[in-house]
Every structure is written in structure tokens, then in C-alpha cells.
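In: next input, structure requested:
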Amino acid sequence: MAWKKWAFAGVALAWSVAAATAQTTVKWLHIEVNPNQVKLWEEVARAYEASHPGVKVEMSFLENEAYKAKAPTLLQSKDKPHIIYSWAGGVLQSQVEAGVIEDITDQAKGFTDTLAPAAVDAFKVNGRLYGVPMNLSQVGFMYNKELFAKAGVDATKIKTWDDLLAAVKQIKAAGVTPIVVGGADKWPLHFYWTLMAVRLGGKDGIAQAMKGENGGFESETYVKAGELYKQLVDLQPFQNGFLGFKNPQAVGAFGDGKGAMILAISSFYHTQKALAADKVGISDDKIGWFEFPTVPGAKGDPTDTLGGINGWLITKGAPKEALDFVKALVSKDVQTKQAAANFIIPVVKGAEDGITTPFMKNIAGNIARSKYHQNFYDQALGPNVGRVINDASAEIAGGSMTPKQAAKAVNDAWKTGN
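Out: The predicted structure follows:
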């Protein structure tokens with residue numbers, strides 16, 4: 001790998017050494033696996049240091065799942081990072097309630113005027129600002145045009161759920177694995193169930209469920225979402241041993257051409273290249289995207305999107321330079337460079353003009369057209385409920401839980417936690 005996976009002790013040691021050589025050390029923990037993105041960030045950090053004598057920006061990395069697992073302990077540590085990655089939503093709220101995140105409402109005044117209002121709002125808890133958004137993303141089907149052609153499938157004609165099921169059967173008949181997924185991490189599987197709920201129930205669906213109306217998360221919307229998801233699972237569309245695959249393995253396998261499609265976060269456009277065995281992956285002319293299918297008669301609008309609103313949080317007691325550096329990191333200049341490299345859908349107004357590839361322009365257009373952009377359920381509903389959603393999604397895929405049982409488990413978790 002081009003990046004180093006820090007153990008918790010290694011992170012603490014690196015920060016302690018850095019602190020001895022600088023008057024102020026800003027400890028920044030990220031989860032980015034794309035080495036080209038990290039290189040750009042490193043350049044921003046070195047430029048910031050050059051213009052701020054006596055300040056050291058120390059970058060450290062934790063893999064996605066390791067970060068989620070260690071974050072609660074890490075945030076209680078005396079040697080905790082000052083800047084951490086966030087998906088906003090209920091997880092952010094729980095961190096705020098735990099008293100480990102800094103309220104930056106006053107310090108960020110003026111700066112947030114340059115950012116997309118909806119993205120800023122995602123980082124507010126009870127009207128106060130606790131984070132700075134960095135980028136937006138969308139979940140949809142990324143596909144390999146060569147493998148679709150081999151199976152004689154036209155992706156532009158996949159509009160409904162039945163269309164997708166038919167395509168899966170045809171691809172499988174051609175001797176190609178239809179879909180790859182990182183089932184061991186579970187959250188990649190929760191996209192199927194929750195995006196189907198977005199299609200079936202629309203914006204009102206989750207709002208009503210959170211209020212406990214119409215059966216809450218045991219409503220027809222969520223039970224039927226699970227049943228339709230199981231229709232797909234029953235076709236055995238995934239690679240052999242998919243429940244043992246971590247997400248990076250699955251994304252790399254897609255980049256290696258070992259599956260026709262992957263239900264992906266739009267950022268997988270780059271990570272499939274970074275994680276492919278040849279570090280090249282699927283080229284722009286051979287990679288495609290289609291929207292998650294609709295269901296006839298459903299309440300959701302076809303333009304509704306599911307995706308992330310990601311950003312940075314400042315931990316309690318961090319030096320003032322931490323937020324100052326984040327402002328530099330989320331400046332129009334840096335966001336435009338990231339957009340030009342097609343790493344992100346930026347949140348700074350005007351930075352989207354830097355996007356160059358048709359693939360990323362399409363994603364930006366989808367999000368712009370969407371009147372309802374739902375944050376990932378496992379983040380939006382908080383860590384405890386999110387964990388149950390991810391577990392239940394994997395249980396449905398593994399055949400050990402029915403859609404009704406899964407919906408009940410999620411509803412019980414929501415009622416217990418609220």
C-alpha cells in the first residue's frame with residue numbers, strides 16, 4: 001500500500017515527537033486511502049506551516065472501520081487528535097452530547113457564508129455549528145462498460161428494480177459476477193435497503209419513521225424495502241464469499257474487472273483505481289454510472305439521492321490553529337484543485353467549476369437537481385441505531401434474518417435510543 005495504517009500507539013508516538021519540535025502541533029486524523037488526495041493535502045499542510053512559523057500540522061491515518069471503532073476511545077484520550085473526519089448526522093450529535101467536540105459557531109462566522117448552506121446545516125446540532133463540511137457524495141451503481149457489453153446489457157435501460165433484476169440474471173448467464181460488495185464491513189450492504197427506502201418512502205418516509213408514525217421503522221416502507229432487497233439477494237448476484245470481503249477488497253476487485261458493477265459512493269471513482277492491483281483500475285472511457293432503480297407507484301422522487309455530507313470536526317481543547325488550518329483546507333483555492341482532480345464534489349461556492357470529468361460532473365448535477373439528499377442512515381440515525389441497520393442488512397444478505405425481523409430490530413433500536 002502507498003499509505004501507512006497507523007496503530008493507535010503509533011499515532012500517539014508520532015504526535016508526541018512532533019510536539020517536541022514545534023511550538024504548536026495540530027494533530028489531524030483522516031481516513032483517506034487515495035494517495036493522490038493525501039499528497040494534495042500534504043502540500044496544503046506544508047504551505048500552511050510555511051506561512052505560520054512555529055506551527056506543525058501532523059497528519060495521521062486510520063482505515064475507515066478502524067477509525068469508527070477507535071473514535072470513542074480516541075476522543076477521550078489526553079493525546080487525542082485536534083481535527084477528525086466526520087459524516088455528520090446522529091454520530092456527530094452523540095459526540096457533541098459527549099462533550100468532546102468544540103462549538104465553532106462564533107469562530108466560523110463569515111467563513112461559512114462561502115459554503116453551501118445545506119452542507120453547513122448538516123454540521124449543526126441544536127442550531128450551533130460543530131464542524132466544517134468538505135464534500136458531498138452520492139450512492140449509485142458504478143459499472144464496467146466492457147463487462148456489460150460482454151453480457152449484452154444496456155445500462156441506460158435500467159430504470160426500474162425489475163430492470164436491475166433482469167440485468168443481473170443476464171450478466172450472470174454470461175459468466176460474469178454481476179455485483180461486488182464488501183459484505184464484511186456491512187455498511188456497503190445497508191445502501192441497498194436504505195436507498196430502496198428512499199425510493200419507496202421519499203423524504204416523508206424517514207421523517208415519519210423517526211416520529212414513530214405508521215409503525216416507525218417497521219412500516220410498510222421499510223419491510224417492503226427489505227423484501228425487494230432480498231429479491232436481489234436471492235439471485236446470488238455477489239462474488240463468492242462476499243460476506244468475508246472488506247470494502248477496500250471489494251472496491252479493488254471492481255477496479256480489477258472482477259465484477260460488472262458495485263453499488264458505490266461516488267468517491268469510489270478514484271478509490272477503485274488506487275485499490276486495483278495495477279493501481280490503474282477502470283479507465284474513464286470504460287466506467288459508467290446509473291441511478292438506483294425506481295419502483296412503480298413509489299412515493300420517492302426519482303431525483304432523490306442518498307449520500308454523504310463529509311467534513312471536519314475540531315475536538316475540545318484543540319489549539320485555535322486547528323480551525324484556522326481547516327479554513328485553509330476548505331478554501332476555494334484548495335476545493336477547486338480537489339474538484340479539478342475530480343476527488344470531490346466541493347462545498348465552496350464556485351469551486352464546482354473546477355470539475356473536469358463527465359463522470360464527476362454528472363454526480364454534481366445529480367446532487368444539484370435533488371430536492372432531497374439523505375445522509376447515510378448509519379450516520380444519520382446515530383451510532384447505536386446505525387450499527388443495527390448495518391448488522392440487519394448483512395443478516396438479510398446472509399439469510400439469517402427476514403425483512404420483517406430486520407425492520408423490527410431497527411425500530412426497537414430506534415425506540416430504545418430515543
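In: which parts of the stretch 201-350 of the chain are helices?
Out: Along the stretch 201-350 of the chain, counting by DSSP state H, counting those that start in this stretch, helices occupy 220-233, 247-255, 268-275, 320-329, 332-340.
In: highest mean neighbour count out of those helices?
Out: Of these, the one with the most neighbours on average (mean count of other C-beta atoms under 10 Å) is helix 247-255, at a mean of 24. For the C-beta atoms, the positions are set from N, CA and C on the backbone; glycine is no exception.
In: what's the mean pLDDT across that one?
Out: Across helix 247-255, the average pLDDT comes to 97.
In: can you show me the CA trace of that helix as PDB?
Out: Provided in PDB are the C-alpha atoms of helix 247-255 (Å, rounded to 0.1, in the frame of the first residue of the first chain):
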ATOM      1  CA  ASN A 247     -14.900  -2.800   1.400                       C
ATOM      2  CA  PRO A 248     -11.400  -2.000   0.200                       C
ATOM      3  CA  GLN A 249     -11.100  -5.500  -1.100                       C
ATOM      4  CA  ALA A 250     -14.400  -5.300  -3.000                       C
ATOM      5  CA  VAL A 251     -13.600  -1.900  -4.500                       C
ATOM      6  CA  GLY A 252     -10.200  -3.200  -5.600                       C
ATOM      7  CA  ALA A 253     -11.900  -6.200  -7.100                       C
ATOM      8  CA  PHE A 254     -14.200  -4.000  -9.100                       C
ATOM      9  CA  GLY A 255     -11.200  -2.000 -10.300                       C
END
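In: same for it, what does it pack against?
Out: Under the contact criterion of 3 or more C-beta pairs under 8 Å, 6 or more residues apart in numbering; DSSP states H and E, helix 247-255 touches helix 187-211, strand 261-265, helix 268-275.
In: I'd say Ser94 and Gly382 touch.
Out: Yes - between Ser94 and Gly382 there is a contact under C-beta atoms under 8 Å: 5.5 Å.
In: and the residue nearest the centre of the chain?
Out: Gly308 (4.8 Å; C-alpha atoms, centre = their mean).
In: ok, that residue - contacts?
Out: 87, 135-137, 265, 375-376, 379 (C-beta atoms under 8 Å, 6 or more residues apart in numbering).
In: Gln236 now?
Out: Lys172.
In: next one: it from Lys258, what distance?
Out: Per C-beta to C-beta, to the nearest Å, Gln236 is found 16 Å from Lys258.
In: before we move on, what about Glu218?
Out: The value you get for Glu218 to Lys258, if C-beta to C-beta is used, is 37 Å.
In: what is the burial count for the residue lying closest to Leu189 once chain neighbours are set aside?
Out: Closest residue to Leu189 apart from its sequence neighbours, by C-beta to C-beta, 6 or more residues apart in numbering: Ser393 at 4.2 Å. The number of residues packed near Ser393 is 27, by other C-beta atoms under 10 Å.
In: for Ser393, helix, strand, or coil?
Out: Classification of Ser393 using DSSP: H, G, I helix; E, B strand; the rest coil returns helix.
In: isn't it up against Met196?
Out: No - here Ser393 does not reach Met196: they are 10.7 Å apart, not a contact under C-beta under 8 Å.
In: Glu218 and Lys258 - which one has more neighbours?
Out: Glu218 (21 against 17).
In: the more buried one: what's it in contact with?
Out: Counting by C-beta under 8 Å, 6+ apart, Glu218 makes contact with 404, 407-408, 410-411.
In: repeat that for 10 Å
Out: Listed by C-beta atoms under 10 Å, 6 or more residues apart in numbering, the contact set of Glu218 reads 209, 212, 404, 406-412, 414-415.
In: could you measure the residue nearest to Pro403 when sequence neighbours are not counted against Lys246, distance?
Out: Leaving aside its sequence neighbours, Pro403 sits nearest to Gly226 (C-beta to C-beta, 6+ apart; 2.8 Å). Here Gly226 is placed at a distance of 24 Å from Lys246 (C-beta to C-beta).
In: likewise Phe254?
Out: Counting by C-beta to C-beta, the gap from Phe254 to Lys246 is 13 Å.
In: how near is the residue nearest to the centre of the chain to Tyr192?
Out: Counting by C-beta to C-beta - Gly308 and Tyr192 are separated by 17 Å.
In: please apply the same query to Ala351.
Out: 32 Å.
In: surely Lys68 meets Leu62?
Out: Yes - using C-beta atoms under 10 Å, Lys68 is in contact with Leu62, at 9.0 Å.
In: tell me where the stretch 101-250 of the chain has strands.
Out: With DSSP state E, counting those that start in this stretch, the ranges of strands along the stretch 101-250 of the chain come out as 124-125, 128-129, 131-136, 139-144.
In: just name the most buried of those.
Out: Ranked by mean neighbours (mean count of other C-beta under 10 Å), these are led by strand 131-136, with a mean of 25.
In: and that strand, what's its mean pLDDT?
Out: 96.
In: what of stretch 307-319?
Out: Rounded mean pLDDT across stretch 307-319 is 96.
In: span of that stretch from start to end?
Out: Stretch 307-319 stretches 31 Å from its first residue to its last (C-alpha to C-alpha, to the nearest Å).
In: now the common contact residues for Phe254 and Lys246.
Out: Gly182.
In: Thr356 should be in a strand, yeah?
Out: No - going by three-state DSSP, the assignment for Thr356 is coil, not a strand.
In: any common contacting residues for Ser393 and Met196?
Out: 226, 229.
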